[in-house]
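Novice: Structure of the sequence below:
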Amino acid sequence: MSTRFSKGDHVTWNSEAGHVSGTITTVHTSDFEYKGRTRHASQDEPQYEIKSDKTDHVAAHKESALSLVKDD
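Specialist: Numbering: from 1, shown residues only. Got it, this is the predicted structure:
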């Protein structure tokens, strides 16, 4: 079963540049426009916009690409 993430959660994902971490800024549960393209999302398969901790870049990812960062 998948983990549901929420706005404000600190997550990590693997990119071509290595592991990146950031904070979820938006949770999409319906189709949305992102960088000129339609991204598909639903209640069962949400997508998340995440602001990178280091670069302020915003990325959009499916739930399966994300892992929750454990705060020590």
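Novice: what are the bridge partners for the residue nearest the centre of the chain, then?
Specialist: Here the mean C-alpha position of the chain is nearest to the C-alpha of Y48 (CA atoms, centre = their mean), at a distance of 3.6 Å. Taking DSSP bridges, one finds V27, H61 as the beta-bridge partners of Y48.
Novice: Pull the contacting residues for it.
Specialist: 5, 11, 24, 26-28, 60-63, 66 (CB atoms under 8 Å, 6 or more residues apart in numbering). The way it works is simple: take the backbone N, C-alpha and C, and place the C-beta from them, glycine included.
Novice: Swap in 10 Å and give it another go.
Specialist: Under the criterion of CB atoms under 10 Å, 6 or more residues apart in numbering, the neighbours of Y48 are 5-7, 9, 11, 13, 22, 24-28, 41, 59-63, 65-66.
Novice: and if you look at H57?
Specialist: Going by CB under 10 Å, 6+ apart, H57 touches 15, 20, 22, 50-51.
Novice: Which single one of those residues is nearest to F32?
Specialist: Proximity to F32 was ranked across the contacts of H57 by CB to CB; first place goes to I50, at 14.0 Å.
Novice: measure the nearest residue to that closest one once chain neighbours are set aside to T12 for me?
Specialist: Using CB to CB, 6 or more residues apart in numbering and skipping residues adjacent in sequence, the residue nearest I50 is G22, 4.2 Å away. Taking CB to CB, to the nearest Å as the measure, G22 falls 8 Å from T12.
Novice: which of these two has more neighbours?
Specialist: When G22 is set against T12 and neighbours are counted by other CB atoms under 10 Å, the residue ahead is G22, at 25 against 17.
Novice: can you tell me how far the more buried one sits from K54?
Specialist: The gap separating G22 from K54 is 8 Å, by CB to CB.
Novice: show me what contacts the residue nearest to V11 when sequence neighbours are not counted?
Specialist: In space, not counting the residues next to it along the chain, V11 is nearest to L66; the distance is 4.5 Å by CB to CB, 6+ apart. Contact partners of L66, counting by CB under 10 Å, 6+ apart, are 2-3, 5, 9, 11-14, 22, 24, 47-48, 50.
Novice: Need the residues you listed in a markdown table (columns: secondary structure).
Specialist: Rendered in a markdown table, the data for the contacts of L66 read as follows (DSSP: H, G, I helix; E, B strand; the rest coil):
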| residue | secondary structure |
| --- | --- |
| S2 | coil |
| T3 | coil |
| F5 | coil |
| D9 | coil |
| V11 | strand |
| T12 | strand |
| W13 | strand |
| N14 | strand |
| G22 | strand |
| I24 | strand |
| Q47 | strand |
| Y48 | strand |
| I50 | strand |
